[in-house]
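pasting the structure only:
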């Protein structure tokens, strides 16, 4: 019988787990030999692990692991013998509970006794085999058949099945098991679950590597330590604290044993996949259909706390990125997940973020491939749109789960940075843009609500400093190109009543250009709404202008704009949401967009002029910053905030150079230490060096106190204590992080609080109801305001349309030859001349609608432009030299507007 035990241990040496399935605790005849004919009371002499003949030669690490695993197996059998017994009512083994000679012991005592019996090589009973009820127990010639009373699957059971299939050279049992388990929700819910904590496991974790030479004192010590842990656990539970040894059921904890699952998958996919993959795919298709149907219709499992386990088991499949799984299985997973309750989706996000970080990128790539493939191959039409393709919409919902998991698993800033600073009550009020006078407009603000998933997770993308997956990798350009934004915007604004899918509710998957179209639709709808209100007011005898009309002089543009905008804001701030129409006194231009662009350019040039003193210029980064000692009133800063908001609202690009932290602050997040890298790289590097300094002489090396000094634009020096008596507190290793945080907070927030508050007030007067904060991140808002920085004139040439010419016309070929040879400054002037702005729109030059129209035959006239419509009127010059001469004169000496 000893040989049977040896063979059984050899066959299962790869299984290092201490636990066994209760149905398989008696596995003496583990390789299928007939043991039912032997006496049930037979005892087994335990396997003695003898030392090597060469005592001085150390065992290899692999041999040590195998040796300890074999010992653990025997200790485990002793443990079950003293707790459950062998099952023989006539057993005479004094160390077996079935004999009646062994008193009942606590789990800790049983674990200690099991180790002691192992070290003494005590007698070990042979457990009774479970016999199928259909079998004649008296038939001694028929082999016993084990009944598996637990249909779930785990690592140990899968390992046994694989070993059995290899021995028999038949994988029918594996195929049957996979089909039965992976197609059944109930079975999969209890598969690969974590095993409960065991005293035997705990006491073995405290045991030395050599289990054979243990002394009684060592065993008592281990048992005493375990008793102490148990006592402390009970005390903690009495105090209402969660025990570290009990399985947590927190928001990001699961009962699934992910590490065991991954090992099981590794063993499974180590064999030829063709053997079982067809069965696995079919089982998963059945499973996802069942889960989707239950969640959608019957909802039997919607309150199941471990429902997330099923999705984790499927998402952890290493083959999920292969074509067949991606095409046949992954869409079903996405459809099922889209019907999960919001709380379960949020839990899936947290679990993926905590336990499956390395899997996120490959999952995203697979989902993007599904979406792209469906978009490219589907014959979309007026009757059948992308919104009707459930594979695309469900995969997009799944991308949202990956998106938030990437944020949570990445580097996050404190949510406290999103709390706005309160105004100092002692601060004087010099903002002319006060509270508006009473208005008859009683409309409720139309504010876009935040994403329900973000609210459930209590997370905001503003908190993300560095996600696991860069935000740009979530963009899907083929999808963005086929979206009909008019329909999508309608779905977005009426998602509660229409119950239709909207990609604007999943903005992370759309390119910034596509989202800017959504914002454009939102702005235009508001403009038309204001126009209708004006018409209705005119009917009832209270006429108002349907436009936000500004009449200004070029030589006093700031003063005129300030006065007119102040009047509008005081009368009714909602009037700022009307369509902007600008008129320059003494000029004939009619504003169809081009005059407004000129207005914004002149205002920006004037207000950011260093002589004006409102902003300081950072030479190192070529950016502008608020002057904390500015003599200008708050109204001036409110004006530039309104201008910035109006530019976004009227789809105009500005030539402003703010650091990124300004856009973060506009979106509601205060500046912090990491924002200094973009604001002042030299200062950031110095503070970073201070944080990373490891020497013990920090105070003597840096000689830095909590008092800082700074200069205004006139060179005057000011001192500021970051905390009380700051000049008496030296920066050391204990307080350096506090110093850096206070320093950054002062520079980026407190020192300019008055100026920025007025600036933000003006900005929000225009954008308070806009979905801007829902659709765009700070770096994308910068693109909306400033445009792209990529001057790709090859892309502009490819996208240009012609009126009276064609792409092969000699004059057109000469024109582009001249343009490509121009220096970058002249190219920007050409953009300014033809479009009214020298900035590249969001999405690049290919998104700019540019038209070159024929303006008669050869003549001495200069080229002209309709900046409202981005049209260049070009005579058909007779030579390349004449074209170059006339074009340069036109773009270098153009100013003002006239009528053609």
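On my side now, so go ahead. Quick caveat, the model's predicted, so the values are computed rather than measured.

pLDDT on the longest helix along the chain, on average?
Counting by DSSP state H, the longest helix found in the chain is helix 512-539. The average pLDDT for helix 512-539 rounds to 88.

what element comes up after that helix heading to the C-terminus?
Next along the chain after helix 512-539, taking DSSP states H and E as the criterion, comes strand 547-552.

pairing partners for that next one, with directions?
Strand 547-552 has the following strand partners under DSSP bridges: strand 579-584 (parallel).

which SSE is immediately downstream of the strand it pairs with?
By DSSP H and E, the next helix or strand past strand 579-584 is helix 594-607.

and the contacts of that following helix?
Contacts to helix 594-607, defined as C-beta atoms under 8 Å, 6 or more residues apart in numbering, come from residues 550, 552, 554, 557-558, 561, 580-584, 589, 612, 614-615, 636, 639-640, 643, 646-647, 650, 652, 654-656, 835-837, 866-869, 897. C-beta here means a position set from N, CA and C on the backbone, and glycine is covered the same way.

rewinding a little: packing partners of the longest helix of the chain?
Applying 3 or more C-beta pairs under 8 Å, 6 or more residues apart in numbering; DSSP states H and E, one finds that helix 512-539 contacts helix 477-482, helix 485-493, strand 579-584, helix 772-775, helix 778-786.

out of these, which gets the lowest mean score?
strand 579-584 (a mean of 87).

what does that one rub up against?
If you take C-beta under 8 Å, 6+ apart as the criterion, strand 579-584 is touched by 527, 530-531, 546-554, 589, 591, 595-596, 598-599, 646, 649-650, 896-897.

buried subset of the residues you listed?
527, 530, 546-548, 550, 552, 589, 591, 595-596, 598-599, 646, 649-650, 897 (16 or more other C-beta atoms under 10 Å).

contacting residues around residue 487?
By C-beta under 8 Å, 6+ apart, the contact list for residue 487 reads 385, 387.

break down the stretch 751-900 of the chain into its strands, ranges please.
801-803, 851-854, 864-866, 871-874 (DSSP state E, counting those that start in this stretch).

how far off centre is the first one?
A distance of 43 Å separates the C-alpha centroid of strand 801-803 from that of its chain, computed with C-alpha atoms, centre = their mean, to the nearest Å.

partner strands of it, with direction?
In the sheet, strand 801-803 lines up against strand 851-854 (parallel) (DSSP bridges).

how far off centre is the strand it pairs with?
Here the centre of strand 851-854 is set off from its chain's centre by 45 Å, with C-alpha atoms, centre = their mean.

show me the shaky parts of this protein.
1-69, 127-150, 196-251, 273, 302, 420-445, 497-498, 588-589, 591-592, 894-900 (pLDDT under 70).

tell me, how many residues neighbour residue 280?
23 (other C-beta atoms under 10 Å).

do you know how far the residue nearest to residue 818 when sequence neighbours are not counted is from residue 501?
The spatially closest residue to residue 818, leaving aside those adjacent along the chain, is residue 884, at 5.1 Å (C-beta to C-beta, 6 or more residues apart in numbering). Counting by C-beta to C-beta, to the nearest Å, the gap from residue 884 to residue 501 is 53 Å.

neighbour-wise, which of these two wins?
Between residue 884 and residue 501, residue 501 has the larger neighbour count (other C-beta under 10 Å), namely 21 against 18.

my guess is residue 504 contacts residue 484. True?
No - proximity of residue 504 to residue 484 does not meet the contact threshold set by C-beta atoms under 8 Å, at 11.8 Å.

so these two - more neighbours on which side?
Using other C-beta under 10 Å, the more surrounded residue of residue 504 and residue 484 is residue 504, with 25 against 13.

so what's the residue count around the residue lying closest to that one once chain neighbours are set aside?
Sequence neighbours aside, residue 492 is the residue nearest to residue 504 in space, at 4.0 Å (criterion: C-beta to C-beta, 6+ apart). Counted by other C-beta under 10 Å, the residues lying close to residue 492 total 24.

which one is residue 829 nearest to, not counting chain neighbours?
Nearest to residue 829 is residue 891, by C-beta to C-beta, 6+ apart, at 4.3 Å.

where's that neighbour relative to residue 73, distance?
Distance of residue 891 to residue 73, given as C-beta to C-beta: 86 Å.

can you check residue 185 too?
34 Å.

which of these two has more neighbours?
The neighbour comparison of residue 185 against residue 73 (other C-beta under 10 Å) goes to residue 73, with 21 against 15.

tell me which element that one is part of?
Assigned by DSSP H and E, residue 73 belongs to helix 61-83.

which residues sit against the helix or strand that contains residue 176?
Using DSSP H and E, residue 176 maps to helix 172-181. For helix 172-181, the external contacting residues (C-beta under 8 Å, 6+ apart) are 151-153, 158, 161-162, 164-165, 187-188, 191, 275-276, 279-280, 282-283.

so which of the residues you listed are in helices?
158, 161-162, 164-165, 187-188, 279-280, 282-283.

between those residues, which is nearest residue 385?
residue 282 (31.4 Å; C-beta to C-beta).

okay, the closest one and residue 337: tell me how far apart.
20 Å.
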